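In: Please work out how this folds:
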Amino acid sequence: MPRFHSARHSTLTPLVALAAALGACAPASPGVGGAKATAPAPERVWTPPAQAPERTPIPAPLALPAEFAVRRDSLTLGDLVDLALRNSPDTRLAWDNARARAAAYGSARGTAFPEINGSMGTTALQNPATQGRQSVQQVLYIPSVGFSWLLFDLGGRAGTIGAAREALLAADWTHNAVIADVVLRTAQAYYAYVGYRALLGAQEKTLEEQKVNLAAAEDRRNVGVATIADVLQARTAVSQAMLALQTTEGQLRTARGALATAAGFPATMDLDADEAAGHGEIAEVADSVDVLIKHALANRPDLVAAQATWAAAQERTRATRSARYPTISATGGVGRNIILSTGGGGGNYYTLGLALGIPLFNGFRWEYDTRAAAATADAEGARTESLAQQVTFQVFAAYEAQRAASQQVRTSEELLTSASASADAARARYKEGVGGLIDLLAAENALADARAQRIQSRLLWYSALVQLAHDAALLDPDGGARIRLSEPTDSIK
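Out: Predicted structure coming up:
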């Protein structure tokens, strides 16, 4: 006995040692193309392989279509929105997702029909010659057609089809929501660019006025009625106006690039917008915030998509629960045995049957799957409720912003009127020699600020209107807002 144990121990020891050595020699992570799998340390960059793998090339920048190229210097908001919707990868992504959901819905509906399959089998046989019998060779061909058909279940098939249908509706509504987002981004980029361009024009006018003041100060100094301090102050005002102009020029170029990007082109694309924005009538929103919120809750595409996703989760719960219930299925087939041998032969056959499936036990997976599906549906319901609250607040905030913008337009008009009168009076007094340069510069700075605020308030009104239209589900695909406005007052026309 001792010798037996010793022999077994001596036999197992090398095997145990080999197993331990193999377990300790864990393989390194595989590299890619000769490069290491990861960077050697957190603070080190990863070195790619010398020859990069082939990848799908990024599409080349788009060119401006011919029908828009002829008026590339005066594109309207509708033109830019049209281009953005054509070029946006977001709309293509949402559309392709909807198409995939449509195909999945068609596939789910196919479960209501029988599944039919054909087959062709062949078998070669040779029996040995025994007890005086000759060897027989046979080739057997068995063509057949079979079917299986789920005749009855308690909600599984209907739940699967319903979930696919609701998922398709959710994808379609999501596509609509993406289009609305693209329209909103393009409209806001358009109004921002037009606003900077109008502000640049106002600052150019201010610069010309400051240059006139500088020339007047130099003339007054030459005749001895002004000092060098007046000239220096006038030069400072010119430099300040020039600095503001240069700053706005940079902002304008950036806004132009943002507009081109929103339209789906490179930021360097040579295009420009028309002059129509910001010159229309300004008015208050006629509908109450409660009316707009009610319309948004019923028509916001992202909210309707969330509701459809919730419904799809409920249908999946129904389908999952049905796995615990009995099913009735039909199976059958027809075929023929064709025997190729010295004697030939063969024959037809068919099968037909009904099967009753009764789920009994699978480790409680049915129960847990049902709980998981029900919890997921509850989570989708909570997400939909949360989104409805967000939609309500978004409409409320956009409504208040639009109201404030209308008031700012009215106030800026009054400010511009008073600032223009003050600047005219200061300019007249200065020419008559009874007013100082400091008073004139202060009045003209106030006038420049009033011009800028008027421009900004009007463009802010348009931007707030399109934001409200988006949040209330009243934004047209061409960038227009289907919001009822009251009659404009004389102060904000």
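In: surely P143 meets M120?
Out: Yes. With contacts counted by CB atoms under 8 Å, P143 reaches M120, the gap being 5.1 Å. Using the backbone N, CA and C atoms, a C-beta is placed for each residue, glycine as well.
In: quick one, which of those two is more surrounded?
Out: Ranked by neighbour count (other CB atoms under 10 Å), P143 and M120 place P143 first, with 14 against 9.
In: Make sure the more buried one is indeed in a strand.
Out: Yes. Counting by DSSP: H, G, I helix; E, B strand; the rest coil, P143 is located in a strand.
In: quick one, what contacts it?
Out: 118-121, 335-336, 338 (CB atoms under 8 Å, 6 or more residues apart in numbering).
In: Among those residues, show me the least confident.
Out: Taking these together, the minimum pLDDT is found at I338 (83).
In: What about that residue, how many residues nearby?
Out: 15.
In: Highest neighbour count among the contacts of P143?
Out: Neighbour max across the contacts of P143 (other CB under 10 Å) = G335, 19 neighbours.
In: Past the helix or strand hosting it, which element shows up next along the chain?
Out: Using DSSP states H and E, G335 sits within strand 327-340. The helix or strand immediately downstream of strand 327-340 is strand 346-357, counting by DSSP H and E.
In: So in that sheet, which strands flank that next one, and in what orientation?
Out: Here strand 346-357 is paired, per DSSP bridges, with strand 327-340 (antiparallel).
In: contact partners of the partner strand?
Out: 114, 138-154, 156, 345-357.
In: same check, this time on stretch 425-439
Out: 213, 216-217, 225-226, 230, 233-234, 440, 442-444.
In: residue ranges for the helices of the stretch 51-200 of the chain, please.
Out: Residue ranges of the helices in the stretch 51-200 of the chain, as given by DSSP state H, counting those that start in this stretch, are 66-69, 77-87, 89-109, 156-222.
In: how far does the first one sit from the chain's center?
Out: Using CA atoms, centre = their mean, to the nearest Å, we find the averaged C-alpha position of helix 66-69 to lie 27 Å away from the chain's own average C-alpha position.
In: coming back round to it: from the contacts of stretch 425-439, pick the one nearest A170.
Out: E444 (58.1 Å; CB to CB).
In: And the contacts of strand 327-340, which of them are buried?
Out: 138, 140, 142, 144, 146, 150, 153, 156 (16 or more other CB atoms under 10 Å).
In: I'd say the fourth one and N117 touch.
Out: It stands for S144. No. The criterion here is CB under 8 Å, and S144 misses it with N117 at 9.0 Å.
In: So what's the residue count around A215?
Out: Neighbours of A215 (other CB under 10 Å): 12.
In: Please apply the same query to T130.
Out: 8.
In: Look up how far Q137 lies from it.
Out: 15 Å (CB to CB, to the nearest Å).
In: now do T317
Out: In terms of CB to CB, T317 sits 60 Å off from Q137.
In: which of the two has more neighbours?
Out: T317 (23 against 11).
In: what's around G195, how many residues?
Out: 24.
In: what's it in contact with, if anything?
Out: Neighbours of G195 in contact, by CB under 8 Å, 6+ apart: 278, 455-456, 459-460.
In: returning to what we had before: I'd like the helices of the stretch 51-200 of the chain laid out as a markdown table, including distance to R403 and mean pLDDT.
Out: Compiled in a markdown table, these are given as follows (distance: least, CB to CB, whole Å; pLDDT from 0 to 100):
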| stretch | distance to R403 | mean pLDDT |
| --- | --- | --- |
| helix 66-69 | 36 | 88 |
| helix 77-87 | 23 | 93 |
| helix 89-109 | 31 | 95 |
| helix 156-222 | 18 | 93 |
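In: Relative to S418, tell me which of these wins on proximity.
Out: Using CB to CB, those put helix 156-222 closest to S418, at 16.7 Å.
In: Report the distance from the closest one to the chain centre.
Out: The answer for helix 156-222 is 17 Å, by CA atoms, centre = their mean.
In: quick one, it and helix 77-87 angle?
Out: Put simply, helix 156-222 runs at 130 degrees to helix 77-87, going by axes from the mean of the first three to the mean of the last three CA atoms, to 10 degrees.
In: Can you check the pLDDT for W310?
Out: For W310, pLDDT reads 97.
In: Report how many residues lie close to it.
Out: 22.
In: what stretches of this protein score poorly on pLDDT?
Out: For the chain, the stretches with pLDDT under 70 are 1-12, 14-26, 132, 277-280, 341-345, 488-493.
In: Would you agree W46 falls within a strand?
Out: No. Counting by three-state DSSP, W46 falls outside a strand, being coil.
In: Run a quick neighbour tally on it.
Out: W46: 10 neighbours (other CB under 10 Å).
In: With N445 instead?
Out: 17.
In: Name the helix or strand for it, please.
Out: Per DSSP H and E: helix 437-471 holds N445.
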